[in-house]
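> Quick one: sequence plus predicted model below, questions after.
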Amino acid sequence: MPLEEIDAMRTRPGVLIPHREMNRSASELIEIPAELGPYAGQILIPDNNGTRITRVMSDKVNGEYQGACTHFIKNANVLSGGDRVAFTADGKTLYTGHTVRGWGKVAEGLQRITWPGKTPFDVKTIKLESSGFMLNYTRPTAEVDLKKCSVRSFKYVTN
C-alpha cells in the first residue's frame, strides 16, 4: 500500500510523550483512581528504562482527544525498569513491578508508592485555548514562588 493510504487509516495520538525527556520506554499504563488526590482520571505510565513515572492529562475537544504530559515522579527513589503497575483497593497505594531484562542497573522487584495525603503544588491540568495554554494547579499560586517554576514544551513536526 502507498504510504498516503496507510497514513489516512491511522488514528493520530492525543498526546505525544517526548522520548528521553519524559519517558524512554513506556510500559503498562494505569488510570489514577479518585482516591489519589487531584489527579483522578489521569494516566500513569512507568518508564522501563528510567527512574520516573509519567502523568498524562487528556481532554476531549470537538470530539478529539488532546493533552499533555508531565512527570508524576522523577528520580525520587523510584527503581528503574518499571514494567507493571497496580493500585490497592483503597486507591491510595501504587505498586510497581520492576525488571531490567539484562540491561541497566539491577532493580528487580516490587516498589510501593503511597499517597501521603498532602497535595503538592503541581500542574493539575493543561488545556489548549485559542490564546495559548491554560494551566490549572493543585493549589493556589499565591502559596509558591512562581519564579522557581518553569515550563518546557516540545514540538513534533509531522507530514
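That came through, no problem.
> Test for you: state the pLDDT assigned to the most centrally placed residue in the chain.
The residue lying closest to the centre of the chain (Cα atoms, centre = their mean) is residue 55, at 1.8 Å. Listed pLDDT for residue 55 reads 95.
> Quick one: neighbours of the closest residue to it other than its chain neighbours, just the number.
With Cβ to Cβ, 6 or more residues apart in numbering as the criterion, residue 55 has its nearest non-adjacent residue at 3.8 Å, and that residue is residue 72. C-beta: built from backbone N, CA, C; applies to glycine. Here the count is done by other Cβ atoms under 10 Å, and residue 72 has 22 residues near it.
> Name the residues of the helix or strand that contains residue 73 that are buried.
Assessed by DSSP states H and E, residue 73 sits inside strand 64-74. By 16 or more other Cβ atoms under 10 Å, the buried positions in strand 64-74 come out as 66, 67, 68, 69, 70, 71, 72, 73.
> what sits up against the helix or strand containing the residue nearest to the centre of the chain?
Per DSSP H and E: residue 55 is located in strand 52-61. If you take Cβ atoms under 8 Å, 6 or more residues apart in numbering as the criterion, strand 52-61 is touched by 14-15, 17, 22-23, 26, 29, 32, 39, 42-47, 65-75, 78, 82, 96, 124-128.
> So for that strand, what gets flagged as buried?
Of the residues in strand 52-61, those buried (16+ other Cβ under 10 Å) are 52, 53, 54, 55, 56, 57, 58.
> Direction included, what does it pair up with?
strand 43-46 (antiparallel), strand 64-74 (antiparallel) (DSSP bridges).
> I'd like to know which of these lies nearest to residue 153.
Checking the strands paired with strand 52-61 against residue 153 by Cβ to Cβ gives strand 64-74 as the closest, at 8.9 Å.
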